[in-house]
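Asker: My questions are about this predicted structure, shown below with the sequence.
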Amino acid sequence: MNKQEVLQNIKTLIDNGQLSKADILGLFNTEVDSKKKSSLGIINILYGIGGLVIFAGVIALIVQNWDSLGSFARVLITLGMAIVLYISSIMVLTRQYNVLAQILISVSYILFPLGIGVMLNELSINPEIGAMSIIGILLTVLAVITYLLFKDLIFSLLFSVFFGTISAYLVLAYILEKASMTYEFDIYLYLTIALGITHALLAYAFTKPQTRVVLRRLGGLFYGTGTLGVLIGALSLGGVWDVLFIFVVIGTFLLSVYVHSRGMLFFSSIFFLGYLFKITGEYFAGSIGWPIALILIGIITIVVAIGTFKINQKYFRNAAQLRSQEN
Amino acid sequence: MRKNLPVIVAIVLPILVVVGVLISIYLPTVGLQPGYNLVIASNNDKAWSYYDEEARYVVVGQKIQRLDLKKQENSKNIGPAPESQISRLYIYDFDKEQIQEITYEEAQNLSIIKAGNVSPDGYRAIYSQGGNNLGIFEIFGGYSRDYGLVISKNGKSIFKKIDELWNNYYGTEILGWINK
């Protein structure tokens, strides 16, 4: 049987659904692969440490010499460094130095707001919340464009969502400040729920089967942050939301199974228990008494823990195994 | 388009929330602008003088008058009242959206078109805590702790923040309305 015949047979088995991608990948020499992965892992860790050292160095330089530095030098070591690292990350962006590029762009994105703040301060401009909103939006646009131009700079996508989220809060704070409604915390909570849904929708888009593995991992992170946003917002609102929350948390439980998100399942369990504590404290502790309430909460906690474990076992374990084999 | 629908909805959703807040705050205030300016007095709620030569302001006819208060018998305070307790006069300019202090002498030249907190064109002014422009969010409660003027007419209201009088919540009195 020659190579062509073997490949043809394999194709037939795949078409019939008798052979999966994981089965074929499993035939390769995993020992060699794991050694290669291990050496790559060490290099990536060193890149990470290097990035952290650069960041720590810049911070130490700023803190120690701030008073002795002139305005130009202050802007140079913050905003200038951000621009240099941004350009460097694009220049080193190859398959071999991908992790290094991610670290450089991340440090750059952390330094950008700091650098702009320093520049405005040196120009004696007090950055009010309106100006901060505009800076946030501009950084969001920068990160989105960078990602669209350089799809391998995945951390640019991560920071675009981060900057976008912060910008939304800043714009709302600006509007409320102008309307003398600075203390309307409920409106921030509604925005938190909306942003949570935004994160979850982005996660859904990122975790489609045809997307890259790294994008799917980012999607997993956003499922977690999205769930966190929706549940924090809904639980904190109170009033009519004390009733609505139970439907929200059941929804996130079911959704976690549908989208195979462990993060969503984890936060759903935690917030469901938090909800039980809150409701018991507010409405039932007075009538049935805390000792009985605590016993009931304890029993429900165990039931929720078992339920979460079972869902994890039944729906996520196989999916996780398949993902690890694909990687 | 359909392929990118989750991303599009994800981006549009927070924008809709922010725009919704913007509309719910500013829509009820469209067209709310009194045709007259306000005369306001701070620390104007005293019935007795606790220091020497304390006074409050009242509107008599169309003029503002200084009303000297009788010193309370058991008060041991000597000398003029502290700066923070002296009654002062202000004009709130709705076009410039700013408050300006005036002297009693300057106030003598003013002609009060209508005394009290309801303007000749039907606006009601109250010095209070802000936060009655919550739109749809009002059904869920909540309030703001800023101080200023709440101007309302026909169920619509607008809040004008005034920082200068923040520490004089109970003593601030709206004396009347003057021509712009």
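Answerer: That came through, no problem.

Asker: I'd like the next helix or strand past the helix or strand encompassing B:Ser157.
Answerer: Using DSSP states H and E, B:Ser157 falls within strand B:156-161. Going down the chain from strand B:156-161, the next helix or strand is strand B:173-179, by DSSP H and E.

Asker: pLDDT on that next one, on average?
Answerer: Mean pLDDT, strand B:173-179: 92.

Asker: Other residues contacting it?
Answerer: Under the criterion Cβ atoms under 8 Å, 6 or more residues apart in numbering or on different chains, residues B:34, B:36-41, B:44-45, B:57-59, B:64, B:89, B:91, B:110-117, B:119-120, B:125-127 lie in contact with strand B:173-179. For the C-beta atoms, the positions are set from N, CA and C on the backbone; glycine is no exception.

Asker: Run the chain-centre distance for the strand holding B:Ser157.
Answerer: Centroid separation for strand B:156-161 versus its chain: 9 Å, with Cα atoms, centre = their mean, to the nearest Å.

Asker: can you check stretch A:224-236 too?
Answerer: 13 Å.

Asker: Contacts (any at all) between chain B and that stretch?
Answerer: No - applying Cβ under 8 Å from any Cβ of the partner chain, one finds stretch A:224-236 separated from chain B by no less than 9.4 Å.

Asker: What are the contacting residues of that stretch?
Answerer: In contact with stretch A:224-236 (Cβ under 8 Å, 6+ apart) are residues A:189-193, A:195-203, A:241, A:244-245, A:248-249, A:252, A:256, A:261, A:263-264, A:266-268, A:271, A:274-275, A:278.

Asker: separation between A:Met132 and B:Ile15?
Answerer: 18 Å (Cβ to Cβ, to the nearest Å).

Asker: no, scratch that, I was asking about B:Leu27
Answerer: Taking Cβ to Cβ, one finds B:Leu27 at 17 Å from B:Ile15.

Asker: Give me the subset of the contacts of stretch A:224-236 that lies in strands.
Answerer: Residues of the contacts of stretch A:224-236 located in strands (DSSP state E): none.

Asker: List buried residues within those.
Answerer: A:189-193, A:195-203, A:241, A:245, A:248-249, A:252, A:256, A:261, A:263-264, A:266-268, A:271, A:274-275, A:278 (16 or more other Cβ atoms under 10 Å in any protein chain shown).

Asker: Could I get the contacting residues of residue 164?
Answerer: Answering for chain A, as no chain was given. By Cβ under 8 Å, 6+ apart, the contact set of A:Gly164 is A:140, B:11, B:14.

Asker: that's the wrong chain, I wanted chain B
Answerer: Per Cβ under 8 Å, 6+ apart, neighbours of B:Glu164: B:90, B:99, B:101.

Asker: rerun that using 10 Å as the cut-off
Answerer: B:40, B:42, B:88, B:90, B:92, B:98-101, B:147-148 (Cβ atoms under 10 Å, 6 or more residues apart in numbering or on different chains).

Asker: and if you look at A:Ile45?
Answerer: By Cβ under 10 Å, 6+ apart, the neighbours of A:Ile45 are A:Val99.

Asker: which SSE is it in?
Answerer: Per DSSP H and E: helix A:30-65 holds A:Ile45.

Asker: just checking, what packs against whichever helix or strand comes after that helix?
Answerer: The helix or strand immediately downstream of helix A:30-65 is helix A:71-75, counting by DSSP H and E. Counting contacts by 3 or more Cβ pairs under 10 Å, 6 or more residues apart in numbering or on different chains; DSSP states H and E, helix A:71-75 packs against helix A:30-65, helix A:98-122.

Asker: Buried deepest among these, which one?
Answerer: Burial of these is given as mean neighbour count (mean count of other Cβ atoms under 10 Å in any protein chain shown); helix A:98-122 ranks first at a mean of 20.

Asker: Give me the distance from it to the chain's centre.
Answerer: Worked out by Cα atoms, centre = their mean, helix A:98-122 lies 19 Å from the chain centre.

Asker: Ok, stretch A:149-169 next?
Answerer: 10 Å.

Asker: Buried residues in it, which are they?
Answerer: So, applying 16+ other Cβ under 10 Å, buried residues of stretch A:149-169: A:153-169.

Asker: Just the contacts of B:Glu164: which are in strands?
Answerer: Secondary structure from DSSP E places B:40, B:90, B:92, B:98-101, B:147-148 of the contacts of B:Glu164 in strands.

Asker: Name the secondary structure element that contains A:Tyr169.
Answerer: Going by DSSP H and E, A:Tyr169 is in helix A:154-178.

Asker: actually A:Gln210, sorry about that
Answerer: A:Gln210 is part of no helix or strand, with elements assigned from DSSP H and E.

Asker: Now do it, the pLDDT please.
Answerer: In this model, A:Gln210 carries a pLDDT of 79.

Asker: Strands of chain B, residue ranges please.
Answerer: Counting by DSSP E, the strands of chain B are B:36-41, B:55-60, B:63-68, B:89-93, B:98-102, B:114-115, B:124-129, B:147-153, B:156-161, B:173-179.

Asker: how about these in TSV, adding mean neighbour count?
Answerer: Shown next, in TSV, are the strands of chain B (neighbours: other Cβ atoms under 10 Å in any protein chain shown):
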stretch	mean neighbour count
strand B:36-41	22
strand B:55-60	17
strand B:63-68	14
strand B:89-93	19
strand B:98-102	14
strand B:114-115	16
strand B:124-129	18
strand B:147-153	20
strand B:156-161	19
strand B:173-179	19
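
Asker: Look up the closest residue to B:Leu38, ignoring the ones flanking it.
Answerer: Once flanking residues are discounted, B:Leu38 sits nearest to B:Tyr92: 4.2 Å by Cβ to Cβ, 6 or more residues apart in numbering or on different chains.
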